[in-house]
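K.L.:
let me see the structure of the following:
(chains A, B and C)
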Amino acid sequence: MSALTLVLGGARSGKSLYAEGLVTALPAPWVYVATAQAFDDEMRARIAEHRARRAEGWRTLEAPLDLPAALAGDRPVLVDCLTLWLTNLLLGEHDIAAATSALEAALDRRTAPTVLVSNEVGLGIVPDNALARRFRDEAGRLHRLLAARAQNVVFMVAGLPMRVK
Amino acid sequence: MSALTLVLGGARSGKSLYAEGLVTALPAPWVYVATAQAFDDEMRARIAEHRARRAEGWRTLEAPLDLPAALAGDRPVLVDCLTLWLTNLLLGEHDIAAATSALEAALDRRTAPTVLVSNEVGLGIVPDNALARRFRDEAGRLHRLLAARAQNVVFMVAGLPMRVK
Amino acid sequence: MSALTLVLGGARSGKSLYAEGLVTALPAPWVYVATAQAFDDEMRARIAEHRARRAEGWRTLEAPLDLPAALAGDRPVLVDCLTLWLTNLLLGEHDIAAATSALEAALDRRTAPTVLVSNEVGLGIVPDNALARRFRDEAGRLHRLLAARAQNVVFMVAGLPMRVK
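P.N.:
Next up is the predicted model:
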């Protein structure tokens, strides 16, 4: 497995920009794996903003569910973000344990650096609704599993990386 | 007072597993102080999962409210977790200031290491309801007070400890 | 621009007390810029508690909206807190981009140290309502912008500062 970096942080904490900087420090071309699905105007605006910011040299793959296929190439990859991938799995009632195992196997096969971005969502009050509680439990499990495999883990605060590992 | 460690972190951030590792590095037997009350199926499942994971050598005490009694022995103790203890105090309309003072006095009398686990809950949007706001205020106060006494404070991110103190 | 410090953290994480310590380590008098508006009893109680704690040597300026005017003097200043300033801007439907630019210009003109306190609010589950989502997006953007300018950025956990920058 080639170098794996996990970039965690809150909303608008600068995760994507920091992760892009890690990838573009490597020789182009780079692969941007977008997990977002543009199901409403707010999300469409966010996706357009992210896309407009990225420089030339990026190839974009849309992978709302099938991350292993998107990770199959031999170029540096940025996955932005795992939180939306997990949301897509949950809302589509997919098998999260199986999807996570397939993601791990795909990471094992990587021959170029991989940067994974994800939102830390577990530091507020316990949510009222059961789906949100399940989501943050699954996100926590996924982050722990990936952080254990990663060579580098950072926690973003106000655009600045705190090194966790 | 013997060594006090405070393990803070979000939901499913690996607090319990990390704290168990700190305690089981010491000679057995160890005391596991469970503050959870199994008032619904979701909570019963969580308690069962935690209990199944723990190795031999643990003695479990249930202490939804009376932490000082549970801390009275001379073995290494893991309290998991303060957040639920505080919830039990709040819902039972107990005097939190008095309970906190009694906890501090009990910690002062400890002759073996103590590890306290608690959820950080104050890093999201201000909750809509007043009880949740009061809860996170009380949790913040309790954490500050205990962190000031502790020799070690860690903040868990994705299963990894960040040393705060 | 004189030294700028940004103190971030969750609810009741000890941000204000830590920030006050930074300022009062400098020669008095100091300026306390309060952005809170006492629109209900809960907020009035919080303001009174903060005010009662502060020692002599503080001059208090109330600045729910006009931070640049409050920053105009040549004494050390503590702004407590940016989160409420942003809330006031949002609820009053002011131009946040313009207000932020004016704040940056005022910081550039500072000739004495400035300490800014703000709540980290983006580490929980995505809020249900659009205003809360917009608020945490704006807060995230503001924190990144100010953290990039600041000489010192700390993230408070249980009353203890973690140095981010």
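K.L.:
before we move on, what's the pLDDT of residue A:1?
P.N.:
On pLDDT, residue A:1 comes in at 57.
K.L.:
helix or strand with the lowest mean pLDDT in chain A?
P.N.:
helix A:41-53 (a mean of 76; mean pLDDT, DSSP states H and E).
K.L.:
so residue A:67 sits right up against residue A:81, yeah?
P.N.:
No. Using CB atoms under 8 Å, residue A:67 is not in contact with residue A:81, being 11.2 Å away. All C-beta atoms are positioned from the backbone trio N, CA, C, and that covers glycine.
K.L.:
coming back round to it: strand partners (parallel or antiparallel) of whichever helix or strand comes after the least confident helix or strand of chain A?
P.N.:
Once helix A:41-53 ends, the next helix or strand along the chain (criterion: DSSP states H and E) is strand A:58-62. Its sheet considered, strand A:58-62 pairs with strand A:30-34 (parallel) by DSSP bridges.
K.L.:
quick check: mean pLDDT of the strand it pairs with?
P.N.:
Mean predicted lDDT for strand A:30-34 stands at 96.
K.L.:
what's in contact with that strand?
P.N.:
Contacts to strand A:30-34, defined as CB atoms under 8 Å, 6 or more residues apart in numbering or on different chains, come from residues A:23-24, A:47, A:50, A:54, A:57-63, A:67, A:70-71, A:73, A:75-80.
K.L.:
buried sites along that strand?
P.N.:
A:30-34 (16 or more other CB atoms under 10 Å in any protein chain shown).
K.L.:
picking up where we left off before, need the overlap of contacts for residue A:67 and residue A:81.
P.N.:
With CB under 8 Å, 6+ apart as the test, residue A:67 and residue A:81 both reach residue A:35.
K.L.:
now a ChimeraX select for only the buried ones of the contacts of strand A:30-34.
P.N.:
Selection command for ChimeraX covering only the buried members of those, criterion 16+ other CB under 10 Å:
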select /A:23,24,50,58,61,63,67,70,71,76,77,78,79,80
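K.L.:
the closest residue to residue A:82 other than its chain neighbours in helix, strand or coil?
P.N.:
Leaving aside its sequence neighbours, residue A:82 sits nearest to residue A:118 (CB to CB, 6 or more residues apart in numbering or on different chains; 3.8 Å). Residue A:118 falls in the strand class when you classify it by DSSP: H, G, I helix; E, B strand; the rest coil.
K.L.:
mind listing what residue A:118 touches?
P.N.:
Contacts of residue A:118 by CB under 8 Å, 6+ apart are A:6-8, A:15, A:81-83, A:139, A:142-143, A:146.
K.L.:
change it to 10 Å
P.N.:
A:6-9, A:15, A:79-86, A:139, A:142-143, A:146-147, B:158 (CB atoms under 10 Å, 6 or more residues apart in numbering or on different chains).
K.L.:
go on, residue A:64?
P.N.:
A:34-39, A:84-85, A:87-89, A:92.
K.L.:
got the residues of chain A near chain B?
P.N.:
Residues of chain A lying near chain B by CB under 10 Å from any CB of the partner chain: A:6, A:8-11, A:118, A:120-128, A:130, A:133-134, A:136-148, A:150, A:153-155, A:162-165.
K.L.:
8 Å instead, please
P.N.:
Contact residues (CB under 8 Å from any CB of the partner chain) of chain A with chain B: A:6, A:8, A:10, A:120-126, A:130, A:133, A:136-137, A:139-141, A:143-144, A:146-148, A:153, A:155, A:162, A:164-165.
K.L.:
out of these, which sit inside helices?
P.N.:
Using DSSP state H, the subset of the residues of chain A next to chain B located in helices is A:130, A:133, A:136-137, A:139-141, A:143-144, A:146-148.
K.L.:
for residue A:102, state which of these is nearest.
P.N.:
Checking these against residue A:102 by CB to CB gives residue A:146 as the nearest, at 13.3 Å.
K.L.:
and for the closest residue to the closest one other than its chain neighbours, the neighbour number?
P.N.:
Nearest residue to residue A:146 in three dimensions, chain neighbours excluded: residue A:6, at 5.3 Å (CB to CB, 6+ apart). Counted with other CB atoms under 10 Å in any protein chain shown, residues neighbouring residue A:6 total 28.
K.L.:
cool, and the one 10 residues further on?
P.N.:
Here the neighbour count serves as a burial measure; for residue A:16 (other CB under 10 Å) it reads 21.
K.L.:
quick check, pLDDT for the residue of chain A most remote from its centre.
P.N.:
No residue in chain A sits farther from the centre than residue A:128, which is 25.4 Å out by CA atoms, centre = their mean. If you check residue A:128, the pLDDT there is 89.
K.L.:
relative to strand A:30-34, how tilted is the least confident helix or strand of chain A?
P.N.:
In terms of direction (axes from the mean of the first three to the mean of the last three CA atoms, to 10 degrees), helix A:41-53 departs from strand A:30-34 by 180 degrees.
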